[in-house]
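In: Would you be able to build a 3D model of this:
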Amino acid sequence: MDLNLNLKDQYKAGLRKWDKYGSEFIPAWIAEHDFGSPPAVHERLAHVLSLGSFGYHDEDTKLGESFAFWADSRNSWKLNPERVIPTVTVLQGVSACVEAFSSAGDGILYNTPSYPPFLDLPSHAKRRSVEWPLTKSETGWHYDMESLEQILEADRGIRILLLCNPHNPTGIVLKEKELSQIVNLCHKYNLILVSDEIHSDFIYKESIHIPTLTIDGADSVTIALTSGAKSFALAGMCCAVAIPGNDILKEKLLEVPKFLLGGSNRMGCEATIAAWETGSAWMDELIQTLDDRRLHLKSRLDGEIPEAKMFLPDSTFLAWIDLSEFNPGEKPAKWLREKTGIACGNGPDFGSGGKNHVRLTFGTSVNLLDEMIERIVKGLT
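Out: The predicted model follows:
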């Protein structure tokens with residue numbers, strides 16, 4: 001997939017990615033790729049604009065059907081489209097699940113390192129944060145399945161297990177056996193499993209994504225959430241979906257006040273529907289391009305500055321880079337930005353496991369990625 005970025009245009013586009021640090025820095029800090037959206041998305045939006053009709057809309061039916069088509073075609077996941085609940089963002093859906101399925105003082109369990117908003121969510125909702133740390137070995141990051149039951153046994157007040165699968169920021173993917181273990185533990189300890197699967201379209205050839213709701217027994221304890229925001233660079237369009245595993249969970253989730261759940265943007269729904277209905281070949285090409293980028297980044301870092309350590313992610317377009325050998329201090333992203341002019345995500349913001357790390361987005365042109373690598377090599381050697 002070719003990408004010829006006009007950097008002047010990018011800095012004028014009004015996007016947070018390019019505006020936050022200004023034109024003297026290369027932005028690699030936000031989980032958003034630079035490859036845009038499939039042509040059908042542009043065509044659908046142009047058509048809606050030509051109609052000039054921007055009133056209230058009914059997003060439920062068509063969005064559910066489109067996602068069901070996408071889930072079946074990409075992951076052989078056959079789901080009831082009537083179960084799909086539109087949301088503004090995945091994070092809104094996660095917040096609604098916390099509201100619906102837990103009470104003040106209950107524990108919310110999540111992995112660390114973690115997508116930063118997950119760290120803040122429990123306290124904002126008057127719930128307790130409970131960490132399930134990933135482990136790190138010479139071969140990469142891993143889920144510690146043995147410690148999971150120990151945590152649940154020790155704290156019977158945990159009510160929700162919040163997963164991000166594929167995982168942000170490490171890019172690891174849960175295996176079927178691990179998901180089955182998690183589902184079984186949710187039954188044993190009376191938990192609701194909230195599964196954020198927003199990165200699930202980005203799976204590289206050595207891995208496979210198993211939708212949580214395809215696991216035996218998951219339907220009665222699981223709400224899955226996803227969006228086209230990451231896949232098709234549509235984050236600003238504000239459209240996502242929640243998929244409760246059965247009607248009981250759906251009814252409970254819909255008890256959340258309407259101002260806390262729903263309200264998907266009309267244009268976002270249209271863009272997402274077009275992407276899910278027509279974007280499969282485009283997505284295949286994008287994944288191949290991103291696979292080339294991750295291998296290129298890994299190869300150059302290993303060969304030119306091996307002190308900057310990264311494991312190949314199984315998913316996402318995010319590199320979780322360990323700068324421990326440089327002693328970057330409490331704010332490694334700021335340290336790196338000042339030395340190289342590259343703006344990355346700050347590892348400590350992702351909680352435990354983020355010390356000395358930065359998260360770098362490699363979903364961009366090969367020329368810009370090479371410039372990032374060259375700046376890292378020049379600035380740190």
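In: Show me where the protein has its strands.
Out: Using DSSP state E, the strands found in the chain span residues 26-28, 85-87, 107-112, 128-133, 135-137, 140-142, 158-164, 192-196, 222-227, 240-244, 309-310, 318-322, 342-346, 357-361.
In: Nearest to residue 271 among the ones you listed would be which one?
Out: Closest approach to residue 271 among the strands of the chain (Cβ to Cβ): strand 222-227, 11.0 Å. For every residue, glycine as well, the C-beta is placed using N, CA and C.
In: outside of the closest one, which residues touch it?
Out: When contacts are defined by Cβ atoms under 8 Å, 6 or more residues apart in numbering, strand 222-227 is touched by residues 67, 87, 89-90, 93-94, 97, 183, 186, 192-198, 200, 211-213, 234, 239-245, 249, 253, 272.
In: Show me just the buried residues among those residues.
Out: When neighbours are counted using 16 or more other Cβ atoms under 10 Å, the contacts of strand 222-227 contain these buried positions: 67, 87, 89-90, 93-94, 97, 183, 186, 192-198, 200, 211-213, 234, 239-245, 249, 253, 272.
In: ok so, going back, may I see the strands of the chain arranged in JSON lines, with mean pLDDT as well?
Out: Below are those laid out as JSON lines (pLDDT from 0 to 100):
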{"stretch": "strand 26-28", "mean pLDDT": "97"}
{"stretch": "strand 85-87", "mean pLDDT": "96"}
{"stretch": "strand 107-112", "mean pLDDT": "98"}
{"stretch": "strand 128-133", "mean pLDDT": "98"}
{"stretch": "strand 135-137", "mean pLDDT": "97"}
{"stretch": "strand 140-142", "mean pLDDT": "98"}
{"stretch": "strand 158-164", "mean pLDDT": "99"}
{"stretch": "strand 192-196", "mean pLDDT": "99"}
{"stretch": "strand 222-227", "mean pLDDT": "99"}
{"stretch": "strand 240-244", "mean pLDDT": "98"}
{"stretch": "strand 309-310", "mean pLDDT": "98"}
{"stretch": "strand 318-322", "mean pLDDT": "99"}
{"stretch": "strand 342-346", "mean pLDDT": "98"}
{"stretch": "strand 357-361", "mean pLDDT": "99"}
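In: okay, the ones you listed in JSON lines with distance to residue 15 next?
Out: Converted to JSON lines, those look like this (distance: least, Cβ to Cβ, whole Å):
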{"stretch": "strand 26-28", "distance to residue 15": "9"}
{"stretch": "strand 85-87", "distance to residue 15": "22"}
{"stretch": "strand 107-112", "distance to residue 15": "28"}
{"stretch": "strand 128-133", "distance to residue 15": "31"}
{"stretch": "strand 135-137", "distance to residue 15": "33"}
{"stretch": "strand 140-142", "distance to residue 15": "30"}
{"stretch": "strand 158-164", "distance to residue 15": "23"}
{"stretch": "strand 192-196", "distance to residue 15": "23"}
{"stretch": "strand 222-227", "distance to residue 15": "17"}
{"stretch": "strand 240-244", "distance to residue 15": "19"}
{"stretch": "strand 309-310", "distance to residue 15": "26"}
{"stretch": "strand 318-322", "distance to residue 15": "18"}
{"stretch": "strand 342-346", "distance to residue 15": "13"}
{"stretch": "strand 357-361", "distance to residue 15": "13"}
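In: What is the burial count for residue 258?
Out: When neighbours are defined as other Cβ atoms under 10 Å, residue 258 has 8 of them.
In: before we move on, what about residue 295?
Out: Using other Cβ under 10 Å, residue 295 has 12 neighbouring residues.
In: Counting by contacts, list what the helix ranked longest in the chain packs against.
Out: In the chain, with assignment by DSSP state H, the single longest helix is helix 280-304. Packing partners of helix 280-304 (3 or more Cβ pairs under 8 Å, 6 or more residues apart in numbering; DSSP states H and E): helix 60-75, strand 309-310, strand 318-322, helix 366-380.
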